[in-house]
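> With the sequence up front, the predicted model follows.
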Amino acid sequence: MSAADTARQGSPRRPWSGRRLHFVGVGGAGMSGYARAAAALGARVSGSDRVETPYLRTLRGEGVLDGAVGYREANIPAGDDVEVFYSSAVPAESPERAAARRRGLAERPRADLLAELSALRRTIAVAGTHGKTTTSAMVVHALRGGGLDPGWMIGGTIGDGLANSHWSEGEWLVIEADESDRSMLSLDVEIAVLTNAELDHHAAYASLSDLMAAYEQFLDRAPQAVIWDRPELLALRHGPSVPYDVAVPTLTPGGSRFSWRGAQVQLAVPGAHNALNATAALEAARLAGAQAQGAIEGIARFHGAGRRFQRLGRTASGALVVDDYAHHPTEVRATIAAARTELAPGRGRLVAVFQPHLYSRTALLGDQFGAALAQADVVAVLEIYPARERAQDHPGVSGLAVARAAGERAGGRQVMWLPGREEARRALARVLQDGDICLVMGAGDVDVLAHGLVGS
């Protein structure tokens, strides 16, 4: 029996009853959300990940699945009706993917499941090189504030105690559309949001033109579009669009104020880039039918998505520790600028701690990372987080190149090369002072260091 047949047998509220789904890589921010949605739709769900993760623990706590640690053939349930969905980070030779092929099971990329989920609801999809998670989270808060009941699939927790995903009975679904594996091109989209376009995933796109062509295809899938008001982005759209921008916002410690369609908006997250993100979110919410003042109030209550300028606490010396996912030079520069607005006038320093992500990205953008980090008062660079890459495939590439590039531009300010996590924790504990902001950035496991600095 096909998946469509079993879905049709389910109840209207649980249309996936009878389906058995196994998720390889379920401990990630994206896949964990899809598993939660599948369970809400009535499917029997199982899954595994390479290591233990907070998302995996949360799924266990919610009773969604048991969640195995380590990839093994035995993790896949018995039976010939199991559908195996895999994360783009899991290679084809992974034991579970290989076992699925040997058993003749359906082995499908996560994009296929996203396509199914987006077809069940009216979908707002947020794409762009930077700001996707925050903008998507802001859309959710704006819709909820504006009287709607959206579901969402977002690559991080979205603040106010809300998880990275939720399947609601409302008509709208908000999805963070990922360009890294082109899964954004599988979505069934009603409102497309494009925040910006800059080449980042060099393994997936040969050039910026290649990336722009993909965004063009993404926009073509949607009858309505909200696009940052830049000529090169608007030129990608062949149908009606809502250009958005924001006049220079008033930046305040911890937030900003700006005007949107004649109304005043107050944000509780810092930086001019977040005022721009909020404007995109408000425009998308308006197109979805959210009540305007309620949407503005919903945005005002947004205090940040997980690992997006997340204030963790203070060190023993009194420095504020902030964790952020920034892993591209543009993001690093914007996050440092936002952190500057948090410093008390004439007091304290901005200490930027950065863990490069991927050897390939570091090799291509190391010099730009150094230039961005040099905007801080003190810089510390850790060794590269390899993720899916191997050091032997990138000889001579290390985080030291980023530290050197920062040192060349720092004008004599302190730059530290601290490759080990514990080494970095001890050194930073000695350096940090009361009034400082310690901004810890990266897409790897550098958040462990950030949490370890609190109280030390």
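Thanks, I have it. Numbers count the residues shown, from 1 in each chain.

> neighbouring contacts of stretch 400-417?
For stretch 400-417, contacts defined as Cβ atoms under 8 Å, 6 or more residues apart in numbering pick out 354, 356, 362, 366-367, 369-371, 373-374, 376-381, 399, 419, 427, 431. Any C-beta I mention is one placed from the backbone N, CA and C, and that applies to glycine too.

> Name the nearest residue to Phe309, sequence neighbours excluded.
What sits nearest to Phe309 in space, not counting adjacent residues and going by Cβ to Cβ, 6 or more residues apart in numbering, is Asp324, at 5.3 Å.

> quick one, domains of this protein?
Domain assignment for the chain, taken from automatic domain parsing, gives 3-110, 121-300, 310-453.

> After the longest helix seen in the chain, which helix or strand is next?
Secondary structure of the chain per DSSP state H: the longest helix is helix 272-288. Using DSSP states H and E, the next helix or strand after helix 272-288 towards the C-terminus is helix 292-300.

> Rounded mean pLDDT for that following helix, please.
Averaged across helix 292-300, the pLDDT comes to 98.

> List the contacts of it.
By Cβ under 8 Å, 6+ apart, helix 292-300 touches 138, 141-147, 260-261, 263, 265-268, 278, 281-282, 285-286.

> make it 10 Å
Defining contact as Cβ atoms under 10 Å, 6 or more residues apart in numbering, one finds that helix 292-300 is touched by 138-148, 160, 255, 260-269, 277-279, 281-286, 288, 290-291.

> Please tabulate the domains of the chain in JSON lines, including the columns mean neighbour count.
Formatted as JSON lines, those follow (neighbours: other Cβ atoms under 10 Å):
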{"stretch": "domain 3-110", "mean neighbour count": "18"}
{"stretch": "domain 121-300", "mean neighbour count": "20"}
{"stretch": "domain 310-453", "mean neighbour count": "19"}
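
> Look up which helix or strand the residue nearest to Ser207 when sequence neighbours are not counted falls in, please.
Ranked by Cβ to Cβ, 6+ apart and with sequence neighbours excluded, the top spatial neighbour of Ser207 is Leu199, at 7.1 Å. Leu199 belongs to no helix or strand when elements are defined using DSSP H and E.

> average pLDDT for stretch 153-164?
Stretch 153-164 comes out at a mean pLDDT of 93.

> Could you work out the end-to-end span of stretch 442-456 for me?
This stretch, stretch 442-456, spans 21 Å end to end (Cα to Cα, to the nearest Å).

> Next: stretch 247-263.
Using Cα to Cα, the end-to-end distance of stretch 247-263 comes out at 13 Å.

> now do stretch 416-423
End-to-end distance for stretch 416-423, by Cα to Cα: 11 Å.

> Now do it: distance to the chain's middle.
Stretch 416-423 has its average C-alpha position 25 Å from the chain's average C-alpha position, going by Cα atoms, centre = their mean, to the nearest Å.

> do the same with stretch 193-206
14 Å.

> Export it to CSV, keeping only CA atoms.
What follows is stretch 193-206, C-alpha atoms only, in CSV (Å, rounded to 0.1, in the frame of the first residue of the first chain):
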residue,chain,number,x,y,z
VAL,A,193,10.0,35.6,1.6
LEU,A,194,13.5,36.4,0.4
THR,A,195,15.7,38.2,2.9
ASN,A,196,19.0,38.5,0.9
ALA,A,197,21.3,36.5,-1.3
GLU,A,198,25.0,35.9,-0.8
LEU,A,199,27.1,32.9,-1.7
ASP,A,200,27.7,30.6,1.3
HIS,A,201,27.2,27.0,0.5
HIS,A,202,30.0,26.6,-2.0
ALA,A,203,29.6,22.8,-2.3
ALA,A,204,26.0,23.2,-3.5
TYR,A,205,26.4,26.3,-5.7
ALA,A,206,29.2,26.9,-8.3
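
> Report the rounded mean pLDDT for that stretch.
Per-residue scores along stretch 193-206 average to 92.

> swap in stretch 437-452?
Confidence for stretch 437-452, expressed as mean pLDDT, is 96.

> mind checking how far it is from the chain centre?
15 Å.

> Next: stretch 164-174.
In terms of Cα atoms, centre = their mean, the centre of stretch 164-174 is set 17 Å apart from its chain centre.

> and that stretch, how far apart are its ends?
In stretch 164-174, first residue to last residue: 11 Å (Cα to Cα).

> Good, wrapping up.
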